[in-house]
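[1] just the structure for this:
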Amino acid sequence: MNGMRTRIVLADDQASIRMGFRRILEAQPDMQVVGEAGNGVAALEVVRSLVPNVLLADIRMPEMDGLELTREVVRTVPEVRVVVVTTFDLDEYVHTALREGACGFLLKRSRSAVLVEAVRAAASGDSMISPEITTRLLSRLRHERRTVRQPGEPLTVREEEVARLVAEGLTNSDIGAELFISMGTVKTHLARLQKKLGVQNRVGIAAWVWESGLLAEP
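    Okay, here's the model as predicted:
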């Protein structure tokens, strides 16, 4: 969007982390940090007041943690895209964040370029998960048997292909290139997958694929 900058709110109880993120993001010509908060309750107030494009939320914060904050933002200000950022690479955090509607999950130790890419992806309606998290989750989940909610109606072969690529961390443009289909067609498949799986976004699709064992199939 010409001349339009992505408006970002930072929620983290460590001022040094917020400062670091601000420096990285505001070095980008298309990004602007419009607000900060040191706890979840304050962050929710800031988000409701400013309605940014993207909220970067730490998981462990006083008064309201990042998972509850994600749930409340998705419920009350759904136009704001939430990217969860944490030091704690724990499976239950990842799954809960995705189920609550987060559109990204990053580790604080991720490279600056990954942080920037995740914000851009979120702002454009896409999503991103730290590659380390994706790799480890896939490795663990493919050896587990889980009871997974079945789709409202069966997935087509093409929808399964798209779902697998989403779970592997590919962006919409990557999926289009991989399957030789247009961006519009990719988005149509994603919309149908979200409806069939009863999830809120593409990251919910990835969570369903990981838990269903779809990627463990040869």
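[2] show me the shaky parts of the chain.
    1-3, 88-91, 131-149, 203, 215-218 (pLDDT under 70).
[3] break it into its domains for me.
    Taking automatic domain parsing as the reference, the chain has its domains at 6-131, 142-216.
[4] please work out which of these is packed deepest.
    Stretch with highest mean neighbour count among the domains of the chain: domain 6-131 (a mean of 19; mean count of other CB atoms under 10 Å). Bear in mind the C-beta positions are built from the backbone N, C-alpha and C, glycine included.
[5] which secondary structure elements does the longest helix seen in the chain sit against?
    Using DSSP state H to define each element, the chain has its longest helix at helix 183-197. On a contact count with 3 or more CB pairs under 8 Å, 6 or more residues apart in numbering; DSSP states H and E, helix 183-197 meets helix 157-167, helix 172-179, helix 202-212.
[6] of those helices, which is nearest L107?
    helix 202-212 (15.5 Å; CB to CB).
[7] could you export the closest one as CSV, CA atoms only?
    Provided in CSV are the C-alpha atoms of helix 202-212 (Å, rounded to 0.1, in the frame of the first residue of the first chain):
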residue,chain,number,x,y,z
ARG,A,202,-4.0,-20.4,8.3
VAL,A,203,-2.0,-21.1,11.5
GLY,A,204,-5.0,-23.0,12.8
ILE,A,205,-4.8,-25.1,9.7
ALA,A,206,-1.1,-25.8,10.4
ALA,A,207,-2.0,-26.8,14.0
TRP,A,208,-4.7,-29.2,12.8
VAL,A,209,-2.3,-30.8,10.3
TRP,A,210,0.4,-31.3,12.9
GLU,A,211,-2.0,-32.9,15.3
SER,A,212,-3.7,-35.0,12.7
